[in-house]
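1. Attaching a predicted model along with its sequence, questions to come.
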Number of protein chains: 2
Amino acid sequence: MREVAALAKVSIKTVSRVVNGESGVSPRLARRVMAAADRLDYRHNLPASSLRRADGRSATIGVVLEDVANPFSSALQRSIEDIAVQRGVLVLAGSSDEDGVRERKLVSAFASRRVDGLVIQPASHDHSYLLTERKAGTAIVFVDRPPEFLDADSVVTDNAAGARRGVHHLVESGHRRIGYLGDLHTIDTARVRYEGYRAELAEQKIDVDERLVRLDLRGIEKADAATTELVTGTQPPTALFTGQNLITIGAFRALRRLGLHKKVALIGFDDILLADLLEPGITVIAQDPAAIGRTAAEILFRRLDGDRSPSQRRVVLTRMITRGSGEIRP
Amino acid sequence: MREVAALAKVSIKTVSRVVNGESGVSPRLARRVMAAADRLDYRHNLPASSLRRADGRSATIGVVLEDVANPFSSALQRSIEDIAVQRGVLVLAGSSDEDGVRERKLVSAFASRRVDGLVIQPASHDHSYLLTERKAGTAIVFVDRPPEFLDADSVVTDNAAGARRGVHHLVESGHRRIGYLGDLHTIDTARVRYEGYRAELAEQKIDVDERLVRLDLRGIEKADAATTELVTGTQPPTALFTGQNLITIGAFRALRRLGLHKKVALIGFDDILLADLLEPGITVIAQDPAAIGRTAAEILFRRLDGDRSPSQRRVVLTRMITRGSGEIRP
DNA sequence: GCAAGGTGTGACAACGTTGTCAAAAGACAA
DNA sequence: TTGTCTTTTGACAACGTTGTCACACCTTGC
């Protein structure tokens, strides 16, 4: 900047004004400054600028996801990015791998870089550590799962209603022995979906048979094994409700291998690419990650714009997509 | 930091030493400083630090991808992140949407934030604009596609060999009328794969029938339409080679709808989740995005560590996964 | 007792920028 | 011309940190 000022024969402050598009610089001078900046390949130094600026904003937000490579998380990231770029804000992204310690490390690394806001898909179960960040002026929004021990904005799927809807659909098709395959019980969404399953069975006056329930399945392999064990046992279920993406895939794979994919009904939570091309197509309770991310980003920026209203919890609805597997009758 | 110094009754410089883990501070003082820092919720200000530091490093890199939500790109992002976190480096990610202008805007936004390095999956076709960044000391590595008009490191898939391998496999199964469905010809990988297809046909002494070729297909719908048109025409192909992910899906969908999915052979470039569960399973030429990202990040950090050797072009091999669709005989 | 050498600590300037305020230059009316 | 008002410009300090250098304090050896 100093060099640009020297070349344009103006003060450093005038260069600052031109760079920031401030009013009150005569057009003639502005042109001279811009020409000098061009000639010297001048790049505005944003960290230095935000260090000095009154608001201290870095025009950067941090996003903590379960895994940036997983389709749900990356859809979140993309929709957050779309809102952010409109405001010239960039996104720092990191993966927690469902590990609370990594979540905290990422938040700390983001805080060191003075991000303006944080969007967190939480892995830990005590978010009071974020009080410090909020006191420092960082806006915080939770996605997919609600905060614990912290009052903050959140945007979540209506997991209970979605699970109930799926189970209801299976009951409508005549099923009474409906198995449940769920993710780690420590994950809030997994817990709520499982509760939805139980609640709907209760509503339908069907007793929960614990032998048809398998929880804490992480990944395709475990789901495959659990499904195999379940449907080849005595008194197998006539239908399965799977509480997560990869579990649905594992369950379908097991059913296919056992030649039961057209006999045992299957409904999965969360949509899967290509689910319509399988035989039968897989009926799912689809979430809307793009809507969740968009909503979260909008709330975040509203907070950064000064919104001080009480924290809100936004619920995004699910949509059932029937493709065949959920319509198999017992 | 000033407040911490005051509370611990030391100079600001001593606090700096403790925060940075520099040697030459007596343990007693260090403890006192850390206690004070804890009590005041002190957070080290990395932008300010790197502003003053001799090397000026921000411990942040920028990644420009086609779309962070697309599986190939997000796998790249994740493997880059894994290498970066080991060094305490965070990742700024952005999507170009195959638009050269957005690519440049993202690079410019990254540069303003003084990233130490850039990993770029390029959309534009003239990368000489990056000379400025490199002169400023930014390390740059291209992934998936090579740079143009710029001498820089790159890590790419062996697209030509992969395409040839797939076409070869179809010829081995007895096919002579092999259709080709390709992505935008402006994308380097798409061009190279198409050339691989032609080269292998030439090698096999099979004339290219231009009526069996459809290029510039972007997305599932267009691929579906093109496939439908191709296989329902006169003298249809007995096999299809698809040059990209979504095109493979679109082609399969069309074949399924027409009841030809067990008659017309299909091999796709790039693997697809669930491809093994379709009927028939889809034979693919699989890329290894994790290896590409990892390699790129390793090169990037080696450059940041001072490696001044000539720029290199690393090629990551493909792997053919046979699942049935590519083994259908004419 | 003193010089020489090491260790621990702090004062100060500087990184690249912007907020504040004052001064210079121009515009206009009397 | 002068005085007043407005516009344009610049000098300086400050943001939070670290590099440089010097000083004070210990040892150690004679």
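-> Right, received. Where do you want to start? Numbers count the residues shown, from 1 in each chain, chains lettered A, B, ... in the order given.

2. what about the closest residue in space to A:F301 that isn't next to it in sequence, neighbour count?
-> Of all residues not flanking A:F301 in the chain, A:R87 sits nearest, at 6.4 Å (CB to CB, 6 or more residues apart in numbering or on different chains). Placement of C-beta: from N, CA and C, glycine included. By the criterion of other CB atoms under 10 Å in any protein chain shown, A:R87 has 12 neighbours.

3. shouldn't A:R87 be in contact with A:L300?
-> No. With contact defined as CB atoms under 8 Å, A:R87 and A:L300 do not form a contacting pair (10.4 Å).

4. Could you pull out the strands in chain A for me?
-> A:60-65, A:90-95, A:117-120, A:139-143, A:153-157, A:178-181, A:213-214, A:239-242, A:265-269, A:283-286, A:313-316, A:319-321 (DSSP state E).

5. Tell me which of those sits most buried.
-> With neighbours defined as mean count of other CB atoms under 10 Å in any protein chain shown, these peak in mean count at strand A:239-242, which reaches a mean of 31.

6. List the strands paired with it, with their directions.
-> strand A:178-181 (parallel), strand A:265-269 (parallel) (DSSP bridges).

7. Report the rounded mean pLDDT for that strand.
-> Averaged over strand A:239-242, pLDDT sits at 98.

8. Bridged to A:V91, which residues?
-> A:I61, B:A93.

9. Revised request: answer the last question for A:Y180.
-> For A:Y180, the beta-bridge partners are A:V213, A:F241 (DSSP bridges).

10. is it true that it touches A:F241?
-> Yes. With contact defined as CB under 8 Å, A:Y180 counts as touching A:F241 (5.4 Å).

11. between the two, what contacts are shared?
-> Residues touching both A:Y180 and A:F241 (CB atoms under 8 Å, 6 or more residues apart in numbering or on different chains) are A:Y197.

12. Dump the strands of chain A to JSON lines, plus distance to DNA strand C.
-> Output for the strands of chain A, formatted as JSON lines (distance: least, CB to the nearest atom of the strand, whole Å):
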{"stretch": "strand A:60-65", "distance to DNA strand C": "16"}
{"stretch": "strand A:90-95", "distance to DNA strand C": "17"}
{"stretch": "strand A:117-120", "distance to DNA strand C": "20"}
{"stretch": "strand A:139-143", "distance to DNA strand C": "20"}
{"stretch": "strand A:153-157", "distance to DNA strand C": "28"}
{"stretch": "strand A:178-181", "distance to DNA strand C": "55"}
{"stretch": "strand A:213-214", "distance to DNA strand C": "57"}
{"stretch": "strand A:239-242", "distance to DNA strand C": "53"}
{"stretch": "strand A:265-269", "distance to DNA strand C": "48"}
{"stretch": "strand A:283-286", "distance to DNA strand C": "45"}
{"stretch": "strand A:313-316", "distance to DNA strand C": "33"}
{"stretch": "strand A:319-321", "distance to DNA strand C": "46"}
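
13. Residue numbers of the stretch 1-150 of chain A in contact with DNA strand C?
-> By CB under 7 Å from any atom of the strand, the residues of the stretch 1-150 of chain A that approach DNA strand C are A:1-2, A:12-13, A:16, A:19-20, A:43-45, A:48-49, A:51-54.

14. Need the worst-confidence member of those residues.
-> pLDDT is lowest at A:A54 among those; the value there is 87.

15. With DNA strand D as the reference, name the closest of the strands of chain A.
-> Among those, strand A:60-65 comes nearest to DNA strand D, with 16.3 Å by CB to the nearest atom of the strand.

16. Could you export the strands paired with strand A:239-242 as a markdown table, including mean pLDDT and distance to DNA strand D?
-> Listed next are those as a markdown table, based on pLDDT from 0 to 100; distance: least, CB to the nearest atom of the strand, whole Å:
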| stretch | mean pLDDT | distance to DNA strand D |
| --- | --- | --- |
| strand A:178-181 | 98 | 48 |
| strand A:265-269 | 98 | 44 |
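
17. between those, which one is nearest to A:R104?
-> strand A:265-269 (27.9 Å; CB to CB).

18. quick one: the helices in chain A?
-> Per DSSP state H, chain A carries helices over the ranges A:2-8, A:12-19, A:27-39, A:46-52, A:71-86, A:100-112, A:131-135, A:159-172, A:188-203, A:220-232, A:245-257, A:289-304.

19. Determine which stretch of the ones you listed is the most buried.
-> The highest average neighbour count among those, using mean count of other CB under 10 Å, belongs to helix A:245-257 at a mean of 24.
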